[in-house]
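K.L.:
sequence? don't have it. structure:
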């Protein structure tokens, strides 16, 4: 059983003590590919170098809405250049995050749109982050991207109606550890509704570890628990979930 991890952050400080050891375990434990996701200018630069160290590690470059302070047009020009590097597959994660009170929504929207434009110019997939910003995210995606290139709605946290809007535009739904939580009723309904051919597996490691590791550091080795929950919800085998989501990931990332 081979698994494709579409979204992790192995450059995070949480892995400083055992990063190399952990990544070296992945392949023999059935994790064939990992995409390490960019979320700031600094870590996007780092990812371009990091992916050279492991055959199975790929990356994206992008700026998360919580990391936009001080961004400039020159940064966007640099991001577009970084996107041309070997083994960089997509632009993101980018988007909107209204979870905290002090956000400047106009600034988040500006840099979200700028990155969607980069993805279109480079003909690259997008990885979209949306937290507590359902309508605004959808409006921007419809107006400025609308499935022009492939994309993943990462860590999907809205209901079936919103999922349908993204599926109709051709996007894939990123499903991670949250689907294993007992109180994740909305996400379970979305997984039941979404065709398996449009779901990809992700961890967001080191965050959002699945049950039974909830509250601990997450890693790609725990994706089996996500696949098992999806299999239960869809009434199919874990092997089928892993096989279909693997092909989905290769399709969306144009591999």
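P.N.:
Thanks, I have it. Remember, predicted model here, so these are calculated numbers, not experimental data.
K.L.:
list the buried ones in stretch 38-52?
P.N.:
Judged by neighbour count using 16 or more other C-beta atoms under 10 Å, the buried positions of stretch 38-52 are 38, 39, 40, 41, 43, 44, 45, 47, 48, 50, 51. Heads up, the C-betas are built off the backbone N, CA and C, glycines and all.
K.L.:
closest one of these to residue 137?
P.N.:
Minimum distance to residue 137 across the buried residues of stretch 38-52 is 16.4 Å, recorded for residue 39 (C-beta to C-beta).
K.L.:
mind checking the SS state of the closest one?
P.N.:
Here residue 39 is recorded as coil under DSSP: H, G, I helix; E, B strand; the rest coil.
K.L.:
would you check that it makes contact with residue 63?
P.N.:
Yes. If you go by C-beta atoms under 8 Å, residue 39 and residue 63 touch, sitting 6.8 Å apart.
K.L.:
returning to that earlier point: which single one of the buried residues of stretch 38-52 is nearest to residue 10?
P.N.:
Closest approach to residue 10 among the buried residues of stretch 38-52 (C-beta to C-beta): residue 50, at 7.6 Å.
K.L.:
am I right that that closest one sits in a helix?
P.N.:
Yes. Assessed by three-state DSSP, residue 50 belongs to a helix.
K.L.:
how about the contacts made by it?
P.N.:
By C-beta atoms under 8 Å, 6 or more residues apart in numbering, residue 50 lies in contact with 10, 11, 36, 57, 59.
K.L.:
how close does it get to residue 154?
P.N.:
The gap separating residue 50 from residue 154 is 19 Å, by C-beta to C-beta, to the nearest Å.
K.L.:
same question, residue 217
P.N.:
19 Å.
K.L.:
ok, which stretches of the protein are helices?
P.N.:
19-26, 41-50, 73-82, 105-122, 134-144, 160-168, 185-193, 223-234, 238-252 (DSSP state H).
K.L.:
thinking residue 217 is in contact with residue 203, fair?
P.N.:
No. Taking contacts as C-beta under 8 Å, residue 217 lies outside contact range of residue 203: 10.3 Å.
K.L.:
need the residues touching each of those two.
P.N.:
residue 209.
K.L.:
quick one: which of these two has more around it?
P.N.:
Shown here are residue 217 and residue 203; by other C-beta atoms under 10 Å, residue 203 has more neighbours (26 against 15).
K.L.:
select the longest strand from this protein.
P.N.:
When the chain is parsed with DSSP state E, its longest strand is strand 88-97.
K.L.:
for it, which strands pair with it and how are they oriented?
P.N.:
Sheet pairing of strand 88-97 (DSSP bridges) gives strand 57-61 (parallel), strand 126-131 (parallel).
K.L.:
minimum distance to residue 181: which of these has it?
P.N.:
Ranked by C-beta to C-beta, the member of the strands paired with strand 88-97 that lies closest to residue 181 is strand 126-131, at 16.2 Å.
K.L.:
determine how far the closest one lies from the middle of the whole chain.
P.N.:
Relative to the centre of its chain, strand 126-131 is centred 7 Å away, using C-alpha atoms, centre = their mean, to the nearest Å.
K.L.:
ignoring the adjacent residues along the chain, who's closest to residue 193?
P.N.:
residue 160 (4.8 Å; C-beta to C-beta, 6 or more residues apart in numbering).
K.L.:
quick check, pLDDT for the residue nearest to residue 178 when sequence neighbours are not counted.
P.N.:
Excluding the flanking residues, the one nearest residue 178 by C-beta to C-beta, 6+ apart is residue 184, at 5.2 Å. On the pLDDT scale, residue 184 is placed at 97.
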